[in-house]
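**Q** Turn this into a model:
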Amino acid sequence: MRKLWHVKWAFPSVVVVLIGLAVPAVWAKGERQAYRVRLENGVMRGVIKAAKQAVLYASIQGRVSEVPFKEGQRFEKGSTLIALDCDRYQAELAAATAEQEAKEKTFQNNRELAKLNAVSTLEFGISQAEAKKAQATVRIAEINVRSCHIAAPFSGRVVGVMVNEHENVFPNDKLLRVLDDTSLEIELVLPSTALSWLKRQTRFTFAVDETRQAYPARVKEIGADVDAASQTVKVTGVFETLPASVLSGMSGSAQFGGHP
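**A** As a prediction, this is how the structure comes out:
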C-alpha cells in the first residue's frame, strides 16, 4: 500500500515539473519575442535609430592638436571634428613635391633627347618610370596631409569622444562617434504574418516611452527576408514629422490600427 501511494503522489508532481520546463525550452529567443508580439493585439515594440551614424578612425599617426566639438554638440557637414599636428606630413609633402619636380624635368629632358636619338631607350624609360613614382609619392603625401583634419561626413551631433587633446593616436584608433539626428528611423520586428496586410507607407502610431507621447509614423521599408527561426520580419518606419524631443536609442510601441 505504501508503495502504491508513493507512486500516485510522485507522478503528478513529475508531470508538472516537466511541463514547466518543456514549454520554454522549445522556444528560441526570437520565437519568444514573436510570440509576445502576436499576443499584444497590434502593438509592437521598437527602437529609434539614426539612419546616418559613424565611428571615425585615425588613418595616420600623430598628436591630437584640437578637438573642437564635445559630446552632445552639433556640427555641420565638412566641419573639422579632429585636428592632428601636421608639421611632419606637410614637410614630407614639400620634399615629395620637390623630388617630383626634379624627376619630371629629367624625364622631359630625356624625351627631347630621344627625338634626336641622343639618349638610350632604357634611360628614357627609367626616367619616365621615376617621374611616375615621384608623382605617386606626392599623392600619398597629400592624402596624409588631408588626414590631419577629420571632417564631418554629414551634419549632426557628437555622440562620443574617444580622444583628448595632446594625446598620440595611431592608424585605426577610434576618435569620435557621430550621428545625424535629423534622419531618425524606427526599427521594428513584426511577426511574418503581418506581411499579409503590411505595405510600404502603411501608417501607424509610435508611442515613445521616454517622452510618454505618441507620434504619427509610416512604414518606410520592409525587410527582404523572414527569419525562419522566429518567423519575424524587420520593418523600418519614419516619423511623419520629426519630433524635437526624440533621440536615437529611445524605445516605444508601434500601434497598427485594426490589425491583430
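**Q** Please give the element, helix or strand, for Ala129.
**A** helix 121-146 (DSSP states H and E).
**Q** now for the helix or strand that comes right after that helix, which elements pack on it?
**A** Counting by DSSP H and E, the next helix or strand C-terminal to helix 121-146 is strand 149-151. Contacts defined by 3 or more Cβ pairs under 8 Å, 6 or more residues apart in numbering; DSSP states H and E place strand 149-151 against strand 80-84. All C-beta spots, glycine's among them, are computed from the backbone N, C-alpha and C.
**Q** Neighbouring strands - and their directions - for the strand it packs on?
**A** Paired strands of strand 80-84, with direction, are strand 62-66 (antiparallel), strand 149-151 (antiparallel) (DSSP bridges).
**Q** got those strands as a markdown table, with mean pLDDT and mean neighbour count columns?
**A** Shown next, in a markdown table, are the strands paired with strand 80-84 (pLDDT from 0 to 100; neighbours: other Cβ atoms under 10 Å):
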| stretch | mean pLDDT | mean neighbour count |
| --- | --- | --- |
| strand 62-66 | 96 | 17 |
| strand 149-151 | 95 | 16 |
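**Q** ok, back up a step: buried residues in the helix holding Ala129?
**A** 124, 127-128, 130-131, 134, 137-138, 141, 144-145 (16 or more other Cβ atoms under 10 Å).
**Q** so how far is that helix from its chain's centroid?
**A** Chain-centre distance of helix 121-146: 36 Å, with Cα atoms, centre = their mean, to the nearest Å.
**Q** Likewise for stretch 179-194?
**A** 15 Å.
**Q** tell me which residues in that stretch are buried?
**A** For stretch 179-194, by 16+ other Cβ under 10 Å, it's 179-181, 183-186, 188-194.
**Q** Sort out which one of the residues you listed lies nearest Thr205 for me.
**A** Ile186 (10.9 Å; Cβ to Cβ).
**Q** Would you mind listing the residues in contact with that closest one?
**A** 46-49, 206, 217, 236-239, 254 (Cβ atoms under 8 Å, 6 or more residues apart in numbering).
**Q** now the strands for the stretch 51-200 of the chain?
**A** 53-57, 62-66, 74-75, 80-84, 149-151, 156-161, 168-169, 174-179, 184-191 (DSSP state E, counting those that start in this stretch).
**Q** Make a markdown table from those and add distance to Asn110 to it.
**A** Formatted as a markdown table, these follow (distance: least, Cβ to Cβ, whole Å):
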| stretch | distance to Asn110 |
| --- | --- |
| strand 53-57 | 43 |
| strand 62-66 | 38 |
| strand 74-75 | 50 |
| strand 80-84 | 40 |
| strand 149-151 | 39 |
| strand 156-161 | 53 |
| strand 168-169 | 43 |
| strand 174-179 | 46 |
| strand 184-191 | 60 |
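**Q** Can you name every helix or strand that the helix holding Ala129 contacts?
**A** helix 87-115.
**Q** for the helix it packs on, what is the average pLDDT?
**A** Average pLDDT, helix 87-115: 95.
**Q** same thing with stretch 199-214?
**A** So the average pLDDT for stretch 199-214 ends up being 94.
**Q** what distance separates it from the middle of the whole chain?
**A** 24 Å.
**Q** Start and end of it, how far apart?
**A** The straight-line separation of the ends of stretch 199-214 (Cα to Cα, to the nearest Å) is 21 Å.
**Q** Report the buried residues of that stretch.
**A** Result for stretch 199-214 [16+ other Cβ under 10 Å]: buried residues 202, 204, 206, 208.
**Q** same deal with stretch 74-81?
**A** Buried, per 16+ other Cβ under 10 Å, within stretch 74-81: 75, 81.
**Q** Run through who's touching that stretch.
**A** 56, 66-69, 149-158, 175-176, 178.
**Q** please redo it, this time with the cut-off set to 10 Å
**A** Stretch 74-81 is contacted by residues 56, 66-69, 148-158, 161, 175-176, 178, 180-181 when judged by Cβ atoms under 10 Å, 6 or more residues apart in numbering.
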